[in-house]
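Q: pasting a predicted model and its sequence here:
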There are 2 protein chains.
Amino acid sequence: MKATVIVTLKPTVLDPQGMTIHRNLESLGLASITDVRQGKHFDIGLKDDVPAESAREQVERLAREVLTNPVIEQYRIVWE
Amino acid sequence: MKATVIVTLKPTVLDPQGMTIHRNLESLGLASITDVRQGKHFDIGLKDDVPAESAREQVERLAREVLTNPVIEQYRIVWE
C-alpha cells in the first residue's frame, strides 16, 4: 500500500524559497509564471497486510505529528 | 492556470532524510510504515492569458532547468 503526504506552507505564510525562485525567472524568459510556492512531498510505503483503517490512522499520525509543523504548515494525504 | 511540479530523488539514490524519519517511527508506534522518501513539491501559478502550449513549455523548462538536479533527481508535472 502506498500513500503520499504533501506538506505546504499555510497560504498566509511567506515562502522565501519560492519567492527567490520566482524572482529569477524573468531573466530566463519564463515571464508567464506568476507564483512559485515550495512544499514537501513524502512517498510513504506500508506493509501489504495492514488493515486499511490502521494504515490510514498511521499515515495520518505520521503526517500530523512528524512531518508537519502545525504553526506554519498544512498537510494533505493522497492514497494510491 | 496552475501546475504542480513534483521533484523526487531517482529510485537508485539514497535518501538520508527519509531514512532518518523512518528510523524514528517504530518508537512512535508506526511500525506498519516500511518506507519514507522525501521530495519537493512546487505549486506554480501562471498568467491566465497565456496560451496552453506556451504555459506547458515554460513549466517544463522551469522544472527541467531550475527545479531539478538531473544527476540525482527526476520530476513530473501535474496540471490542474
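A: Happy to help now that I have it. Residues are numbered from 1 along each chain as shown, chains lettered A, B, ... in the order given.
Q: continuing past the helix or strand containing A:Val5, what's the next helix or strand?
A: A:Val5 belongs to strand A:2-9 when assigned by DSSP states H and E. Per DSSP H and E, the first helix or strand lying C-terminal to strand A:2-9 is helix A:16-23.
Q: which secondary structure elements does the strand holding A:Val5 sit against?
A: strand A:33-46, helix A:52-61, strand A:73-79, strand B:33-46 (3 or more C-beta pairs under 8 Å, 6 or more residues apart in numbering or on different chains; DSSP states H and E). C-betas here are computed from N, CA, C, even on glycine.
Q: mind putting those into CSV with mean neighbour count, mean pLDDT and distance to B:Arg61?
A: As requested, those are exported to CSV (neighbours: other C-beta atoms under 10 Å in any protein chain shown; pLDDT from 0 to 100; distance: least, C-beta to C-beta, whole Å):
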stretch, mean neighbour count, mean pLDDT, distance to B:Arg61
strand A:33-46, 20, 96, 10
helix A:52-61, 16, 95, 34
strand A:73-79, 14, 97, 26
strand B:33-46, 20, 96, 12
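Q: could I get the average pLDDT for the strand holding A:Val5?
A: Strand A:2-9 carries an average pLDDT of 97.
Q: picking up where we left off before, right, so of the helices and strands packed on strand A:2-9, which gets closest to B:Glu26?
A: Closest approach to B:Glu26 among those is made by strand B:33-46 (8.9 Å; C-beta to C-beta).
Q: how about A:Ala31, nearest residue that isn't a chain neighbour?
A: In this structure, A:Ala31 finds its nearest non-sequential neighbour in A:Leu25, 7.2 Å apart by C-beta to C-beta, 6 or more residues apart in numbering or on different chains.
Q: that's all I had, so thanks and see you.
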